[in-house]
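*Asks:* dropping a prediction and its sequence here:
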Amino acid sequence: MKTSENHLSKFINCCLWIVFLANISYLILKSNQINWNVSGIFHISGFTILIWSVVSFLTALINSYSQTYLHGFKFHARFTQLTLGFTISVMLFVASENIGLFILSWFSMGYFMAKLIGTDKDWAEAQEASKFTLKYFAAGTFCLALGILILAYNCKCFSLSEIMAGLGTLSPSVLLVSACLIILAAIVQSAIYPFHRWLLSAMTAPTPASALMHAGFVNAAGILLTLFSTLFFATGTLTILFIIGGITAIIAQFTKLLQVTVKQKLACSTIAQMGFMIMQCGLGFFNAAVVHLILHGFYKAYLFLSSGESVEASAPEKPAFLQIKPLQAITVVVMGLLGALLFTTLTGKGTSVNSSIFLTLIVAITVGQATYNIVKQKSMTTFQKLFLPIVLFFSGIVSYALIYNGVTKVMKGMPNVEVPSSLSFLEISFGIVFLLSFFIMKLGVYRKVPFVYVMLLNVSQPFKKTVLMFNKKSI
């Protein structure tokens, strides 16, 4: 029996690699010619094939890893089958044109992910985590279904493209209610505050399942928001996305610093990154959000699959405080500005006084942070500290710009892919708060305020029944 299950797992994994190779090959060769509508049930575009390529690659990679990692695991075959079910659900979701199939595939993604979290049927905490997360996913599906059905009822049609085309005929109140419900569905799945606890409670999932969850499942909200971008522009609800995404990004970055386990740190990191992704949607850059979810998927899959090595190599340390010399500070600032300038040159973003400035600001902060991590290394020479950032960031930003431009080209036929807005007082104020929060985080000031420290610690705790509540099995 075991042998046949192993053969089945290997066969499924082989099929996933074939699907990936077929998708990526077709995307490269025919990206500008893909636009199929199959009887009002499916709509396949270059964007569809792009997401299929990403999902099939991540799933094939994670399944290949699990062949060794989960070898001998009692529920390995169950894991592989659930992974396949999840992958098919994502592919159906991205290609769905009929609203019934669209809603069903969204719920199906959540169902399979909940079951992956509870892969180990003999682990009581895992089963509690599975039930807990499924409640969130069911609630998200209910919000999505209600939002779409309200639109469908008033438009008297059942295909997504027809609904989007008929938005101009609907009343503002109907559009606003539907937009808020769809946003609610998206932020539940992306674990945006205050709906983040399900992700913190999902640590019972096997590491490969966690990699798939953080690299693929939570990112689906970015796809959902992109598909309904026309609705958000029509209702002016982009500001809501910007605010909730920004608040989540700030809080999650702080809570990440308080975690003591690798998985919990990665969970808080994922929540923060989802906040950034939602922010980009709120700024009107849905193409940037798609690039973010793709790159985050690759990066987070790597972090989870290599987390065992991190645990083995780590040791408890005292919190590190910001200690930087004047020359090092100048280097950090200069590299951040150069990184932003290079990004602007390659993508054209940040050249006008509009919401694209935030994309450039995030690049500058990222480059500055990475430069600081290099210049503070005592084992490096002065030459290495000056030369290494230039090489790494030039290649990194060039690669990012190429991916950004490539994804934008693939999404060219979609509406409202990239619509920068004028800077508002709210956005400017939040930008200042965001920068201040970054420096407060680096200086560790929050650790000196007990109320803030305890609040951050409490808000980053998982559901109690998913952590050491039963005696059958220990974490």
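*Replies:* Right, received. Where do you want to start?
*Asks:* need the strands for the stretch 251-400 of the chain, in chain order.
*Replies:* Assigned strands in the stretch 251-400 of the chain: none (criterion: DSSP state E, counting those that start in this stretch).
*Asks:* all the helices of it, in order from the start?
*Replies:* Shown for the stretch 251-400 of the chain, the helices assigned by DSSP state H, counting those that start in this stretch span residues 262-282, 286-305, 307-313, 326-347, 356-375, 382-410.
*Asks:* name the single longest helix found in the chain.
*Replies:* Assignment by DSSP state H gives helix 124-155 as the longest helix of the chain.
*Asks:* would you mind identifying the next helix or strand past that helix?
*Replies:* helix 160-165 (DSSP states H and E).
*Asks:* could you list the alpha-carbon positions for that next one in PDB?
*Replies:* Taking Å, rounded to 0.1, in the frame of the first residue of the first chain, the C-alpha atoms of helix 160-165 are listed here in PDB:
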ATOM      1  CA  LEU A 160     -17.600  38.500 -14.400                       C
ATOM      2  CA  SER A 161     -16.700  40.400 -17.600                       C
ATOM      3  CA  GLU A 162     -20.400  41.400 -18.200                       C
ATOM      4  CA  ILE A 163     -20.700  42.400 -14.500                       C
ATOM      5  CA  MET A 164     -17.600  44.600 -14.800                       C
ATOM      6  CA  ALA A 165     -18.900  46.100 -18.000                       C
END
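*Asks:* what lies in contact with that helix?
*Replies:* Residues outside helix 160-165 that contact it (C-beta atoms under 8 Å, 6 or more residues apart in numbering) are 37, 43, 96-99, 102, 148, 151-152, 155, 157, 227-228, 230-231, 415. Where C-beta positions appear, they are placed from N, C-alpha and C, glycine not excepted.
*Asks:* tell me the pLDDT at Tyr302?
*Replies:* Here the pLDDT value assigned to Tyr302 is 84.
*Asks:* only the buried subset of the contacts of helix 160-165, as a PyMOL command please.
*Replies:* Listed next is the PyMOL selection for buried residues among these, using 16 or more other C-beta atoms under 10 Å:
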select buried, resi 43+96+97+98+99+102+148+151+152+155+157+227+228+230+231
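*Asks:* just confirm Ile44 is within a strand.
*Replies:* Yes - assigned with DSSP: H, G, I helix; E, B strand; the rest coil, Ile44 falls within a strand.
*Asks:* neighbours of the closest residue to Lys349 other than its chain neighbours, how many?
*Replies:* Once flanking residues are discounted, Lys349 sits nearest to Ser356: 4.2 Å by C-beta to C-beta, 6 or more residues apart in numbering. Residues contacting Ser356 under the criterion other C-beta atoms under 10 Å number 23.
*Asks:* show me what the helix or strand containing Leu101 is packed up against.
*Replies:* Assessed by DSSP H and E, Leu101 sits inside helix 99-117. In terms of contacts (3 or more C-beta pairs under 8 Å, 6 or more residues apart in numbering; DSSP states H and E), helix 99-117 is packed against helix 76-95, helix 124-155, helix 160-165, helix 207-212, helix 220-227.
*Asks:* could you dump that helix to CSV, C-alpha only?
*Replies:* Provided in CSV are the C-alpha atoms of helix 99-117 (Å, rounded to 0.1, in the frame of the first residue of the first chain):
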residue,chain,number,x,y,z
ILE,A,99,-19.6,33.6,-11.0
GLY,A,100,-20.8,30.2,-9.6
LEU,A,101,-17.5,28.6,-10.5
PHE,A,102,-15.6,31.6,-9.3
ILE,A,103,-17.2,31.5,-5.8
LEU,A,104,-16.9,27.7,-5.6
SER,A,105,-13.2,27.7,-6.5
TRP,A,106,-12.5,30.4,-3.9
PHE,A,107,-14.1,28.3,-1.2
SER,A,108,-12.3,25.2,-2.5
MET,A,109,-9.0,26.9,-2.1
GLY,A,110,-9.8,27.6,1.6
TYR,A,111,-11.2,24.1,2.1
PHE,A,112,-8.0,22.4,0.8
MET,A,113,-5.7,24.8,2.7
ALA,A,114,-7.6,24.1,6.0
LYS,A,115,-7.3,20.4,5.4
LEU,A,116,-3.5,20.9,4.7
ILE,A,117,-3.2,22.7,8.0
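*Asks:* identify each buried residue in it, please.
*Replies:* Applying 16+ other C-beta under 10 Å to helix 99-117 flags 99, 101-117 as buried.
*Asks:* again, but for stretch 160-176
*Replies:* Under the neighbour-count criterion of 16+ other C-beta under 10 Å, stretch 160-176 has Leu160, Ile163, Met164, Leu167, Leu170, Val174, Leu175 buried.
*Asks:* which of the residues you listed lies closest to Leu423?
*Replies:* Leu423 has its nearest neighbour among these in Leu175, at 24.9 Å by C-beta to C-beta.
*Asks:* residues in contact with Leu388?
*Replies:* Ile374, Met380.
*Asks:* rerun at 7 Å
*Replies:* Ile374 (C-beta atoms under 7 Å, 6 or more residues apart in numbering).
*Asks:* what about the stretch 351-475 of the chain, any weak spots by pLDDT?
*Replies:* The stretch 351-475 of the chain contains residues with pLDDT under 70 at 373, 375, 377-379, 382, 385, 442-444, 468-475.
*Asks:* could you rerun that using 80?
*Replies:* Scanning the stretch 351-475 of the chain with the threshold set as pLDDT under 80 gives 351-356, 358-359, 361-394, 396, 413, 420-424, 426-427, 430-431, 434-453, 465-475.
*Asks:* what is the least confident helix or strand in the chain?
*Replies:* helix 307-313 (a mean of 58; mean pLDDT, DSSP states H and E).
*Asks:* hang on, the residue nearest to Lys349 packs against Pro420?
*Replies:* Yes - in this structure Ser356 lies within contact range of Pro420 using C-beta atoms under 7 Å: 4.7 Å.
*Asks:* quick one: contacts for the closest residue to Leu225 other than its chain neighbours?
*Replies:* In space, and not counting its chain neighbours, Leu225 is closest to Cys281: 4.8 Å by C-beta to C-beta, 6+ apart. Counting by C-beta under 7 Å, 6+ apart, Cys281 touches Gly222, Leu225, Leu241, Ala289.
*Asks:* quick one: contacts for the closest residue to the third one other than its chain neighbours?
*Replies:* This points to Leu241. Nearest non-adjacent residue to Leu241, counting by C-beta to C-beta, 6+ apart: Gly282, 3.4 Å away. Taking C-beta under 7 Å, 6+ apart, we find Gly282 in contact with Leu238, Thr239, Leu241, Phe242, Gly245.
*Asks:* gap between the last one and Leu181?
*Replies:* Gly245 sits 18 Å away from Leu181 when distances are taken as C-beta to C-beta, to the nearest Å.
*Asks:* give me the more crowded residue out of these two.
*Replies:* Gly245 (25 against 20).
*Asks:* confirm Pro462 sits in a strand?
*Replies:* No - assessed with three-state DSSP, Pro462 is coil; it does not lie in a strand.
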